[in-house]
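Sequence first, predicted model second:
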2 protein chains.
Amino acid sequence: MKVLITGIDGYSGWPLALHLARRGHDVVGIDNFVTRKRVKEVGSWSATPIASFPKRQEAAKKLLGKTIQFYKGDLAKYPFLLDVVRREKPDAIVHLAEQRSAPYSMIDVDHAVRTQVENITGTLHLLYAIREASPETHLVKMGTMGEYGTPNVDIPEGFFDVDFHGKRDHLPFPRQAGSWYHWSKVFDSGDVMFATKIWGLKSTDVMQGVIYGTRTPEITDDALLTRFDFDETWGTALNRFAVEAVLGLPITPYGRGGQIRGFIALEDSVQSLRIAVENPPKSSEYRVFNQFDAAYSVNDLAELTHRVARDLGLNPRIEHPPDPRVEAEQHYYNPIHEHLPALGYKRTRNLEDVLREIFRDLIRFRRRIEARRHVVLPTVDWRQADNTGSLTARSHPAPAAPAGSDTPPAAAAAPDTSGTSA
Amino acid sequence: MKVLITGIDGYSGWPLALHLARRGHDVVGIDNFVTRKRVKEVGSWSATPIASFPKRQEAAKKLLGKTIQFYKGDLAKYPFLLDVVRREKPDAIVHLAEQRSAPYSMIDVDHAVRTQVENITGTLHLLYAIREASPETHLVKMGTMGEYGTPNVDIPEGFFDVDFHGKRDHLPFPRQAGSWYHWSKVFDSGDVMFATKIWGLKSTDVMQGVIYGTRTPEITDDALLTRFDFDETWGTALNRFAVEAVLGLPITPYGRGGQIRGFIALEDSVQSLRIAVENPPKSSEYRVFNQFDAAYSVNDLAELTHRVARDLGLNPRIEHPPDPRVEAEQHYYNPIHEHLPALGYKRTRNLEDVLREIFRDLIRFRRRIEARRHVVLPTVDWRQADNTGSLTARSHPAPAAPAGSDTPPAAAAAPDTSGTSA
């Protein structure tokens, strides 16, 4: 099959490209490299040194014997996108090209608007491009488990039977997102569902849990590494905890730490998306997958990180800073996830093993995280309208980066391997 | 109280301003006059000749003995909006400044994106301006009954008890909108609900039915008339039917005509919004009103229009063109509407009486609708990705307007009363 990946340069886009290509699919990608730029804007970079895209393509060709095609461009430009879709007419498009950080969306009014406008615009453009140029293309759109929030009932996969005042209907499950970013994903889901209905498209909406890990089987060389963010804005809680432990900082679950979320290993996330691509829905079908393996509380993550760190001779404390988010710190959480297993999905990784892998990589690239240790703790507070002051003060305390750069265009035409010798 | 109305120049904004001012409130308005411009873009104008805003202010001052303050500007400009909110610190803001046409949003990809981006941006800017400059301000945000779609169960006012797998929660009712425009209102609702929660704001979200009518008690002079749209893009079904009858065209309910919607008279819509303003919620409260009086099918509207037209000596046929929308043409429809009556709301008008009033005005301004008879029938098809060709071909068949203009800036510094002599 031919698969177009929007956001191919990203954390999961790149490993997905490698996996699909190794499975024999033809892979085409689009990216505008905005995540590399924005991570730099908050004073951080990837813990893993990531190669420029041309170097990635080169290394991938060595591994796979074939080329991953690439279009540099922005989904905000409709003529560009329409042209790519018309030219490639892919069997599937996996849409990962979105602003993906909740804290980024909460920085101030401009970041809130930018997040929602960019994400909605990209998705609408994609839907129209498919309708106009390739209506048989299956759209696999990345959503998030965070769309549902934390209701006090089980969370079905997208739809459920409602009995109300003596009548029944099968309706979308209510969404209660927890950041402007998460709402932007809710909005995209509405738009994809509606376009599928009016135009008879084929779509899969993936409500994905938090992804963890640095590795997939296809990442056989440092030039193939994917990014790993650990700063407050772009990193996940687990990523931050591991980095804190390596740096000798306290591990910092926010608030009481009872916030539970669904999680999935990078390798299994890639497996899930591949299964979605290889098993398209019928025309006019909008299907929803809850894509995660297991639910953990933030305290679970902190304690596991603590245990793994001790095995490695590290001895971090656990501290609980106030929760900068507005969220339930203790709650029920039981999402159903049966659609993917029904298509053959099988979990292959467990959290503890992957966490040990993460630690190995972080220790290898320790100098890179040392150089950015000031970006780990939270400064963006959900209750404030404007967090730019604290963020700016925190992001740029140190002079120019001593340990290399992960922005590709000119500065790093060669892969940044500065950390590999640490 | 001091009330800021965004979109004060619009169909319901202007009568609301007059009503609130007559009740003794201080009224301040914002508008960018984009609706006047966009109605012109599709080749149409208001059936009622509407005065320029300065003339409206002048006439209102004569009626009320006080001035309705006005800021010309766009909610897309955050510094402008923040400055107005900071300067005025209103007790309430009634937010009507949105792109409000479903067919407009379905014209093509640019209109789809523009509708969602403008509406979301305006609402986010308003939420941030309130948070930053006037957090005690009560936001009354105009939504639409169309957010809910037409589920096969009763529609509660925003929230309902969900029993699922043996557990219970009180959750937002699922949304299933029927156009990019309607989805933009769903998105706004999510953003308002979320901002209210994280920042402890006060908000009322009005799921309003279709408004009908040309008159409120405060419209005592032609210089105070509000707009009345009848073209395919900006007019409602009822407006089109009445215009068709006056022009001797067939009345044209789309498809089978079993589509049922909630309706409310302009005067009662204004009453509802006034009641919302005068009875604000508590801090952190996000409340939802289903604001309509009675539900009618499109066939009900067509038959009533036919009957009233016959009483006036007109004899229109009823014809059913194919439905250009994607919607159920026969369905269950039973939304609950108890919140407003509990605050003292009482219906004052009925559809038949108001329809007779509409006919009186349309006959008075007959020359204006004669001059635009070609814009009534549908050309925007929900199933097409690009409707610009048919729309452009249809919108500009005739040379320059013979019967006056309703764009205010220079062309119509005096109220356009060209129709009043007809």
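Alright, I've got the coordinates. Numbering: from 1, shown residues only, chains lettered A, B, ... in the order given.

can you pull out the helices in the stretch 301-422 of chain A?
Counting by DSSP state H, counting those that start in this stretch, the stretch 301-422 of chain A forms helices over residues A:339-342, A:351-364, A:366-370, A:388-395, given from the N-terminal end onward.

Out of the ones you listed, which gets nearest to residue B:238?
Among the helices of the stretch 301-422 of chain A, helix A:339-342 comes nearest to residue B:238, with 43.6 Å by Cβ to Cβ. The C-beta positions use only the backbone N, C-alpha and C, and glycine is treated the same way.

which one is residue A:260 nearest to, not counting chain neighbours?
residue A:333 (4.0 Å; Cβ to Cβ, 6 or more residues apart in numbering or on different chains).

Oh, that last question was meant for residue A:250, not what I typed.
residue A:319 (4.0 Å).

how close does the one you found sit to residue B:153?
Counting by Cβ to Cβ, to the nearest Å, the gap between residue A:319 and residue B:153 amounts to 48 Å.

more neighbours, these two?
For residue A:319 against residue B:153, the residue with the higher neighbour count under other Cβ atoms under 10 Å in any protein chain shown is residue B:153, and the figures read 19 against 12.

per-residue confidence at that one?
Residue B:153 carries a pLDDT score of 98 in this model.

ok, the residue nearest to residue A:260 - contacts?
If a contact means Cβ atoms under 8 Å, 6 or more residues apart in numbering or on different chains, then residue A:333 has A:150, A:155, A:260-262, A:295 as its contacts.

check contacts around whichever residue of the stretch 201-350 of chain A sits closest to chain B.
Closest contact between the stretch 201-350 of chain A and chain B, by Cβ to the nearest Cβ, is at residue A:326 (4.3 Å). The contact partners of residue A:326, by Cβ under 8 Å, 6+ apart, come to A:178, A:382-383, B:197-198.

Kindly reformat those residues as a markdown table and extend each row with distance to residue A:31, neighbour count and pLDDT.
Putting the contacts of residue A:326 into a markdown table (distance: Cβ to Cβ, whole Å; neighbours: other Cβ atoms under 10 Å in any protein chain shown; pLDDT from 0 to 100) gives the following:
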| residue | distance to residue A:31 | neighbour count | pLDDT |
| --- | --- | --- | --- |
| A:178 | 27 | 23 | 97 |
| A:382 | 29 | 20 | 92 |
| A:383 | 34 | 13 | 93 |
| B:197 | 34 | 17 | 98 |
| B:198 | 32 | 22 | 97 |
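
what about residue A:159, distance to residue B:164?
From residue A:159 to residue B:164 the distance is 12 Å (Cβ to Cβ).

Kindly report the same for residue A:362.
Taking Cβ to Cβ, one finds residue A:362 at 41 Å from residue B:164.

How about residue A:384?
To residue B:164, residue A:384 is 35 Å away according to Cβ to Cβ.

Can you tell me which residues in the stretch 151-300 of chain A are near chain B?
Those residues of the stretch 151-300 of chain A that sit near chain B, judged by Cβ under 8 Å from any Cβ of the partner chain, are A:151-154, A:156, A:160, A:162-165, A:167-169, A:171-178, A:180, A:183, A:186-187, A:190-191, A:194, A:197-199.

Can you show me the helices along the stretch 151-300 of chain A?
In order along the chain, the stretch 151-300 of chain A carries the following helices (DSSP H, counting those that start in this stretch): A:180-199, A:237-247, A:266-278, A:298-311.

and the last one, what does it pack onto?
Same thing as helix A:298-311. In terms of contacts (3 or more Cβ pairs under 8 Å, 6 or more residues apart in numbering or on different chains; DSSP states H and E), helix A:298-311 is packed against helix A:237-247, helix A:351-364.

so it versus helix A:237-247, what angle?
The directions of helix A:298-311 and helix A:237-247 differ by 30 degrees, with axes from the mean of the first three to the mean of the last three Cα atoms, to 10 degrees as the criterion.

can the helix ranked longest in chain A be found next to chain B?
Using DSSP state H to define each element, chain A has its longest helix at helix A:109-133. Yes. Interface with chain B: helix A:109-133 contributes A:109-110, A:112-113, A:116-117, A:120-121, A:124-125, A:128, A:131-132 (Cβ under 8 Å from any Cβ).

Serialize those to CSV and add fields for pLDDT and distance to residue B:1.
Compiled in CSV, these are given as follows (pLDDT from 0 to 100; distance: Cβ to Cβ, whole Å):
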residue, pLDDT, distance to residue B:1
A:109, 98, 26
A:110, 98, 31
A:112, 98, 29
A:113, 98, 29
A:116, 98, 31
A:117, 98, 33
A:120, 98, 35
A:121, 98, 38
A:124, 98, 39
A:125, 98, 43
A:128, 98, 44
A:131, 98, 47
A:132, 98, 50
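
want to throw these into CSV with distance to residue A:80 and neighbour count?
Output for those, formatted as CSV (distance: Cβ to Cβ, whole Å; neighbours: other Cβ atoms under 10 Å in any protein chain shown):
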residue, distance to residue A:80, neighbour count
A:109, 28, 22
A:110, 24, 13
A:112, 26, 27
A:113, 22, 21
A:116, 21, 28
A:117, 18, 20
A:120, 18, 26
A:121, 13, 21
A:124, 15, 26
A:125, 9, 25
A:128, 13, 23
A:131, 17, 21
A:132, 14, 18
